[in-house]
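> What shape does this take:
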Amino acid sequence: MEDIARLIDSDDVRFRLQQTIERAAQLLPAQGPITAFVFLNTLQALEDLPFEEGLLKGAKLFGVQPYLSEERYREKMARGRIRLEDLSIVLQRDLAERAGVRIDALTTTSDVRMAMLQYPLQTGPVEELRWFVAETDALTRFRKDAPPAARTKIIEESKRWVMRDLRDGGDDSHRGSGPHGTHDQHLHDDLIRRFGESSIENWSEQTWEAFSLRLLWRVCRDGTHNGNQASGAASAPRCSAAIV
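I've put the predicted structure just below:
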């Protein structure tokens, strides 16, 4: 004990002990033990509102953000903190009877909303979109977060479409039929020539991936253009209403 006492009495040990205590004090709350709980509810005037509505109104009044940013939520979803199963349940509950509403006979409202939650939609002016398509690998490689199953399905179906229905003739019900058959065939034939029709049997997986993305881009762009011309401006609000 005497040895320990002499050790503590040394100036060097006392100095180091004091530094340790000061560092530890910075990690402790400034107040002493709480014996009574007193609070100020800054949202007290909004207690008559539903919880979410009160938060949104309070955020507007005080200039704060009541929820995490969209990027933070996506980070948590990528780490598995937010599960797709839970997200689907909440989405179905939020949409209620609108969840199964069909959009142009292609998909449902819940499917579109789920895709929008999983993958952020990048928007911008026409000039920026054209630059992005021309200067990046958007039409060459799938996004890193694209589901492998979806990537494989798109590439394999593009192969079958080209090799069977366009190149080898295939079934007339799939090739060149209908009022837009010749136009659609022209879109695909032009792409085949650009990628090298003579070597199509030897196209690599990377070539098929780029071809499939460009084909998908053309089909979407052409379908949107024709749809707007055929249906007029009234079709856009209907689709938007179904999604929302």
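> what helices or strands is the lengthiest helix in the chain leaning on?
Counting by DSSP state H, the longest helix found in the chain is helix 205-231. Secondary-structure packing of helix 205-231 (3 or more Cβ pairs under 8 Å, 6 or more residues apart in numbering; DSSP states H and E): helix 148-160, helix 181-195, helix 235-243. All C-beta spots, glycine's among them, are computed from the backbone N, C-alpha and C.
> How about the residue nearest the centre of the chain, nearest residue that isn't a chain neighbour?
Closest residue to the average C-alpha location of the chain: Tyr119 at 1.3 Å, with Cα atoms, centre = their mean. Leaving aside its sequence neighbours, Tyr119 sits nearest to Asp145 (Cβ to Cβ, 6 or more residues apart in numbering; 6.4 Å).
> Show me how the chain divides into domains.
2-62, 70-118, 126-243 (automatic domain parsing).
> Could you pull up the mean pLDDT of the longest one?
Think domain 126-243. Per-region confidence: domain 126-243 scores 75 on mean pLDDT.
> quick one on the thing from earlier: columns mean neighbour count on top of the domains of the chain, output as a markdown table?
Shown next, in a markdown table, are the domains of the chain (neighbours: other Cβ atoms under 10 Å):
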| stretch | mean neighbour count |
| --- | --- |
| domain 2-62 | 9 |
| domain 70-118 | 13 |
| domain 126-243 | 13 |
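> can you pull the pLDDT of the residue nearest to the centre of the chain?
For Tyr119, the predicted pLDDT is 84.
> Now do it against Val162, distance only.
Distance of Tyr119 to Val162, computed by Cβ to Cβ, to the nearest Å: 27 Å.
> for Thr108, phi and psi?
phi -110, psi 160 (degrees, to the nearest 10).
> who touches it in this structure?
Thr108 makes contact with Ala99, Gly100, Val101, Arg102, according to Cβ atoms under 8 Å, 6 or more residues apart in numbering.
> Identify the residues contacting Glu70.
Pro120.
> any chance you could map the helices in the protein?
Under DSSP H, the chain gives helices at 2-9, 11-25, 51-62, 70-78, 84-95, 109-118, 126-135, 148-160, 181-195, 205-231, 235-243.
> Mind checking those for the one nearest to Leu43?
With distances scored as Cβ to Cβ, the stretch of those nearest to Leu43 is helix 51-62 (4.9 Å).
> Over the closest one, what's the mean pLDDT, rounded is fine.
Throughout helix 51-62, pLDDT has a mean value of 90.
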